[in-house]
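**Q** Got a predicted model here, sequence first, then my questions.
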Amino acid sequence: MSLAACGTQRPASAPTPQLIHQDGRIAVMLTDIDPRRIRSYDSALVSFGTRHTYSDTVSSTQGVGAARRWIHAQLSAFGRACNGCLRVEYDTGMVQTTSYPGRPIRLVTNVVAWLPGRDTTRAVVIGGHYDSCVCAVGGAAARFDSTSTAPGANDDGSGTSAVIELARVFSRMFGNQLESTVIFALYDAEEQGLLGSTHLARRLKASRMNVIAAMTDDIVGNVTADDGTVDSTSVRIFAAEPDTSRSRELGRYVWAVGESYLPGFRVVPVWRLDRVNRGGDHRPYVQEGWAGLRFSERIENEKRQHRPTDELAWVNFGYVANVARLNAATVASLALAPATPDSARAARDVPLSGGRHWTLSWSAVPGAASYEVLLRATTSPQYERVVSVGAATSYDLHVQLDDHWAAIRAVGSNGQRSLPIVVPRVTRVIPAPDQ
C-alpha cells in the first residue's frame, strides 16, 4: 500500500479528509452545557470582591480563600452526584517568585478535580485561573493591590466558569468510562507569573504522568471591541512553534474538532505560543515538553481586563458556552482515544527509489485497532490526505517526504483518533553554528 503525493491545495471536488470521528455521546454532552449555569458560577466568583492571590484567605465571603473553597464545594457536589467519580483536591505548593517585594516564596493553592480513566498514567488537562487583579491601573504597585475590588469576570472568571461546567457534564456523561484521565484545574496566581500552573505541571512531571494535552481557557467571554465591532462566532487557539511541535499538532486537532462538532463556531488558529508579550497557563506545560494550547476570545478589549471594569455585564455567556463545547469535544475525543504512537520513525529508501520513497514504522499502541498516515505539504496548515493502514505498524510512503510532513496516529475500536506524531522528528529548529 502506498500514498500518492499531494499538492498544497485540495481540488474543489475532493472530499475533506476525515480528521475527527464524531461520537454520539460527545454530541449529547455538548447539549448539556448550559450558559445559565456558567453565568451563575461567574456571578459567584465576582461576588467575592477580589480573588487576588494575596487577598483574604479567612473570610467566608470575600477574597481568594472564599473563592477557592466555593470552587472546591461545587466540584465536590459534582463528585457526589456521580458516586465519587471525581476526586477533588487542593493542590498546594511553595513556589519561588520575584513578583512580590519581600516575599520570594509563595504558597499557591490550585483546586483540581481528577476524573480517572482506565489509564491513570495518561492525562488531558483543561484549566483556567481563578485569581484576579486590578494590576493595569495605578502603576507597578497595583500588581500587589489585594484589597481593591477586582471582579475578574472575564479574566478569568469566564474560563474558570467554563471549566467548572466541563467538570459537571463530564462527570454526568462519562464517569469512569474514559481511556485517559481528565484533570480539571483551577489555577491560583496566574496574575503573579503563572505560579499555580507551573506548580501543577512540575508535580505531574515529577510523578511521571504522561500529559497528552494541556489547555487553558483564559479570557473567553468578550465579543465586543472598543470600536463596536462584534464577533461572537469565532475563537482563537494559540499553539507554539515549531510547525511540527506537539502543541501545533494539538492546534490542528482542535481545529478539526471544531469543524466537525461546531461548524457554526469558527476556530481561528494562531500559530504562536500566545498573544504578543502576554502569557497563559499552557506555557508551563509546553516548557515541560508537552502539547499546550490556549483558547481566547477573538476580540479582546483590554479596557476590561486587569481593571475594576472587568465586570459581569461585559461577558457573553452564550459565547463562553460555545468555547466550553469546543473544549468538551476536544477533551473527550482525546480522552477516548488510544495513546499516540510516539515511537514513529521515517527512513529514506535509497536502494530502490533513489530516496524518493520512505518507509514509516512505529511500535504497536495498546488499545489501538488500526493506524492512519496523515500527509500535508509543508506550506499547508492542515492535513490534506488521510490513509488507513489497518493494523500494520509500517507503511511504504511513495512520496518525496522532503517536500511534505507525514504523521502517524492510532485509531481505537470506537473510532477515536489519537494526536498525531510527526515523522521525521524535528529536534532543533535552527541548527547550531557548528552544524
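**A** Received the coordinates, thanks. Residues are numbered from 1 along each chain as shown.
**Q** how about low-confidence regions in the stretch 51-200 of the chain?
**A** Within the stretch 51-200 of the chain, the stretches with pLDDT under 70 are 98-103.
**Q** the strands in it, which residues?
**A** Assigned by DSSP state E, counting those that start in this stretch, the strands in the stretch 51-200 of the chain fall at 87-96, 105-115, 119-129, 180-187.
**Q** Let me see the ranges of the helices in the stretch 51-200 of the chain.
**A** Counting by DSSP state H, counting those that start in this stretch, residue ranges of the helices within the stretch 51-200 of the chain are 63-81, 157-173, 195-206.
**Q** Reformat those as TSV; add distance to Asp42 and mean neighbour count.
**A** (Each C-beta comes from the backbone N, C-alpha and C, glycine too.) Below are the helices of the stretch 51-200 of the chain laid out as TSV (distance: least, C-beta to C-beta, whole Å; neighbours: other C-beta atoms under 10 Å):
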stretch	distance to Asp42	mean neighbour count
helix 63-81	12	19
helix 157-173	4	27
helix 195-206	19	22
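**Q** Out of the ones you listed, which gets nearest to Pro284?
**A** Nearest to Pro284, of all these, is helix 195-206, at 4.0 Å by C-beta to C-beta.
**Q** Name the next helix or strand downstream of the closest one, please.
**A** Once helix 195-206 ends, the next helix or strand along the chain (criterion: DSSP states H and E) is strand 210-217.
**Q** packing partners for that following strand?
**A** For strand 210-217, the elements it packs on are strand 119-129, helix 157-173, helix 195-206, helix 246-261, helix 283-287, strand 292-297, helix 317-335, judged by 3 or more C-beta pairs under 8 Å, 6 or more residues apart in numbering; DSSP states H and E.
**Q** Adding distance to Val111, write those out as CSV.
**A** Converted to CSV, the helices and strands packed on strand 210-217 look like this (distance: least, C-beta to C-beta, whole Å):
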stretch, distance to Val111
strand 119-129, 10
helix 157-173, 9
helix 195-206, 9
helix 246-261, 24
helix 283-287, 17
strand 292-297, 19
helix 317-335, 17
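**Q** Of all these, which one is nearest Ala377?
**A** helix 246-261 (13.8 Å).
**Q** For that closest one, name the packing helices and strands.
**A** In this structure, helix 246-261 packs against helix 24-32, strand 210-217, strand 234-238, strand 266-270, strand 292-297, helix 317-335, with contacts taken as 3+ C-beta pairs under 8 Å, 6+ apart.
**Q** now for these, which one comes closest to Glu165?
**A** Closest of the helices and strands packed on helix 246-261 to Glu165 is helix 317-335, at 5.5 Å (criterion: C-beta to C-beta).
**Q** sorry, back to before: quick one: which of the helices and strands packed on strand 210-217 is nearest Val386?
**A** Nearest to Val386, of the helices and strands packed on strand 210-217 and by C-beta to C-beta, is helix 246-261 at 10.4 Å.
**Q** Convert that closest one to CSV, retaining C-alpha atoms only.
**A** The C-alpha trace of helix 246-261 is given here as CSV (Å, rounded to 0.1, in the frame of the first residue of the first chain):
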residue,chain,number,x,y,z
ARG,A,246,3.2,18.7,19.8
SER,A,247,1.4,21.9,20.5
ARG,A,248,0.9,22.7,16.8
GLU,A,249,-0.5,19.1,16.3
LEU,A,250,-2.9,19.8,19.2
GLY,A,251,-3.9,23.0,17.4
ARG,A,252,-4.7,21.1,14.2
TYR,A,253,-6.7,18.6,16.3
VAL,A,254,-8.8,21.3,17.9
TRP,A,255,-9.3,23.0,14.6
ALA,A,256,-10.7,19.7,13.1
VAL,A,257,-12.8,19.1,16.2
GLY,A,258,-14.4,22.5,15.8
GLU,A,259,-15.2,21.9,12.1
SER,A,260,-16.7,18.5,13.0
TYR,A,261,-18.8,19.3,16.1
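**Q** Export the helices and strands packed on helix 246-261 as JSON lines, with columns for mean pLDDT and mean neighbour count.
**A** Output for the helices and strands packed on helix 246-261, formatted as JSON lines (pLDDT from 0 to 100; neighbours: other C-beta atoms under 10 Å):
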{"stretch": "helix 24-32", "mean pLDDT": "97", "mean neighbour count": "15"}
{"stretch": "strand 210-217", "mean pLDDT": "98", "mean neighbour count": "26"}
{"stretch": "strand 234-238", "mean pLDDT": "98", "mean neighbour count": "21"}
{"stretch": "strand 266-270", "mean pLDDT": "97", "mean neighbour count": "16"}
{"stretch": "strand 292-297", "mean pLDDT": "98", "mean neighbour count": "28"}
{"stretch": "helix 317-335", "mean pLDDT": "98", "mean neighbour count": "25"}
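**Q** Which one of the ones you listed lies nearest to Pro151?
**A** Nearest to Pro151, of the helices and strands packed on helix 246-261 and by C-beta to C-beta, is helix 317-335 at 15.0 Å.
**Q** ok, then the element right after that closest one?
**A** Note on helix 317-335: by DSSP H and E, the next helix or strand toward the C-terminus is strand 345-349.
**Q** Tell me which of the helices and strands packed on helix 246-261 lies nearest to Pro308.
**A** strand 292-297 (19.8 Å).
**Q** Out of the helices and strands packed on strand 210-217, the one nearest Ser47 is which?
**A** Nearest of the helices and strands packed on strand 210-217 (C-beta to C-beta): helix 157-173, 10.5 Å.
**Q** Show me what the closest one is packed against.
**A** Helix 157-173 packs on helix 24-32, helix 35-46, helix 63-81, strand 105-115, strand 119-129, strand 180-187, strand 210-217, helix 317-335, going by 3+ C-beta pairs under 8 Å, 6+ apart.
**Q** can I get the CA coordinates of the last one in PDB?
**A** Okay, so that is helix 317-335. The C-alpha trace of helix 317-335 is given here as PDB (Å, rounded to 0.1, in the frame of the first residue of the first chain):
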ATOM      1  CA  PHE A 317     -22.300  33.600  28.300                       C
ATOM      2  CA  GLY A 318     -23.700  32.100  25.100                       C
ATOM      3  CA  TYR A 319     -20.200  32.700  23.700                       C
ATOM      4  CA  VAL A 320     -18.500  31.200  26.800                       C
ATOM      5  CA  ALA A 321     -20.800  28.100  26.400                       C
ATOM      6  CA  ASN A 322     -19.600  27.600  22.800                       C
ATOM      7  CA  VAL A 323     -16.000  27.800  23.900                       C
ATOM      8  CA  ALA A 324     -16.800  25.200  26.600                       C
ATOM      9  CA  ARG A 325     -18.400  23.000  23.900                       C
ATOM     10  CA  LEU A 326     -15.300  23.200  21.800                       C
ATOM     11  CA  ASN A 327     -13.300  22.300  24.900                       C
ATOM     12  CA  ALA A 328     -15.600  19.400  25.700                       C
ATOM     13  CA  ALA A 329     -15.500  17.900  22.300                       C
ATOM     14  CA  THR A 330     -11.700  18.200  22.200                       C
ATOM     15  CA  VAL A 331     -11.000  16.700  25.700                       C
ATOM     16  CA  ALA A 332     -13.500  13.900  25.200                       C
ATOM     17  CA  SER A 333     -12.100  13.000  21.700                       C
ATOM     18  CA  LEU A 334      -8.600  12.800  23.200                       C
ATOM     19  CA  ALA A 335      -9.600  11.000  26.300                       C
END
